[in-house]
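>>> One predicted model, sequence on top.
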Amino acid sequence: MPPEPRANHSSAVVGTQLFVFGGWDGQKRLNDIHVLDTTTLIWTCPEVRGTLPHPRAGMTFTRLRHRLFLFGGSGPQAKCFNDMQVFDPDHMSWI
């Protein structure tokens, strides 16, 4: 099932998978992950382990080797984050 419509989300590609993180749904900031398999065009919302980052929009989500790095963004009441979160796509886990 595709993610709900959103703005200011971020995405990164790992192999044939497109990872989409967070964003703003028009009412609140999000911290979910959805994955599009680009070969089958099937969306999934995987069960993610670890401590989830705070909901945010307007952040970066960058792949470096076998990890995805989430940096910055803005949260509720326009709070600006200056943090780095690391996601392991092989284990679907924030580390």
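That came through, no problem. Numbers count the residues shown, from 1 in each chain.

>>> The residue nearest the centre of the chain sits in which helix or strand?
For the chain, F21 is the residue whose C-alpha lies nearest the centre (Cα atoms, centre = their mean; 1.8 Å). Assigned by DSSP states H and E, F21 belongs to strand 17-24.

>>> For the residue nearest to the centre of the chain, name its beta-bridge partners.
S10, I33 (DSSP bridges).

>>> hey, C-alpha coordinates of the strand holding F21 in CSV?
Only the C-alpha atoms of strand 17-24 are listed here, as CSV (Å, rounded to 0.1, in the frame of the first residue of the first chain):
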residue,chain,number,x,y,z
GLN,A,17,14.4,-0.1,-3.2
LEU,A,18,13.3,3.5,-2.7
PHE,A,19,13.1,4.4,1.0
VAL,A,20,10.8,7.3,1.9
PHE,A,21,11.0,8.9,5.3
GLY,A,22,8.7,11.2,7.2
GLY,A,23,7.4,14.5,5.9
TRP,A,24,4.3,16.6,6.5
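
>>> what's in contact with it?
3, 6-13, 29-38, 53, 55-57, 59, 61, 68, 70, 73, 87, 89 (Cβ atoms under 8 Å, 6 or more residues apart in numbering). For every residue, glycine as well, the C-beta is placed using N, CA and C.

>>> Pull out the buried members of the residues you listed.
3, 6, 8-10, 12, 29-36, 53, 55-57, 59, 61, 68, 70, 73, 87, 89 (16 or more other Cβ atoms under 10 Å).

>>> Alright, I will stop here.
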